[in-house]
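>>> With the input below, show me the fold.
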Amino acid sequence: MPPKTRLKAKAQIDVPQTTAEAATDIKQIGDLQRQMLRETTAMNDAIAEITKQYQPRLEEAGKQIEDLQKGVQAYCEAHREELCGKGKSSNFITGEVGWRQRPPSVRITGAEAVIETLFRLRLGRFVRVKNEVAKDLILNEQEAVKGVAGIAVVTGVEDFFIVPFEVNAQ
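From the prediction side, this is the model:
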């Protein structure tokens with residue numbers, strides 16, 4: 001049995017053959033961009049209507065859940081020992097409740113002052129210094145890094161763009 005051959009079909013594109021055809025295609029690009037904008041606007045309007053319709057019910061359900069959670073927590077706090085014994089959770093017929101100790105975390109306020117204080121107290125080991133390549137400086141001094149492995153200054157890249165003409169009515 002011969003091996004299977006995969007055939008790849010290349011995408012077909014219509015290439016304009018004249019300036020007039022290119023101008024027509026640019027007009028069509030503008031028409032399609034405006035159509036996409038109208039469709040996007042219509043979609044966002046529909047989403048806004050749906051959100052407006054469901055928002056009050058969702059807020060009310062959320063408020064009820066919050067109130068019920070507070071009540072269950074108050075009950076469980078008052079009866080923690082009989083519910084959990086030496087454990088950290090308890091099973092009810094309808095679900096489980098429990099307490100979980102959060103891992104330690106660090107909160108920093110006024111980072112610059114904290115960094116200065118750490119250095120003053122000779123605790124600089126708690127300050128992280130981030131080293132990274134300064135690409136903007138390399139662009140300013142391209143000759144200095146010529147021949148350095150891993151650095152390539154990319155120049156002469158050209159992007160093609162199409163901007164259909166539009167009138168802004170304000």
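
>>> Which helix or strand lies directly C-terminal to the longest helix along the chain?
Identified as the longest helix of the chain according to DSSP state H is helix 19-78. Scanning forward in sequence from helix 19-78 by DSSP states H and E, the next helix or strand is helix 80-84.

>>> so for that next one, what's the average pLDDT?
Averaged across helix 80-84, pLDDT comes to 92.

>>> now stretch 136-147
92.

>>> Report the residue spans of the chain with pLDDT below the cut-off.
1-10, 169-170 (pLDDT under 70).

>>> Just give me the residue closest to the centre of it.
residue 44 (19.6 Å; Cα atoms, centre = their mean).

>>> now that one: how far from residue 123?
52 Å (Cβ to Cβ, to the nearest Å). (Each C-beta comes from the backbone N, C-alpha and C, glycine too.)

>>> Who are the packing partners of the longest helix of the chain?
strand 96-98 (3 or more Cβ pairs under 8 Å, 6 or more residues apart in numbering; DSSP states H and E).

>>> strands paired with the strand it packs on, and their directions?
Using DSSP bridges, the strands paired with strand 96-98 are strand 89-91 (antiparallel).
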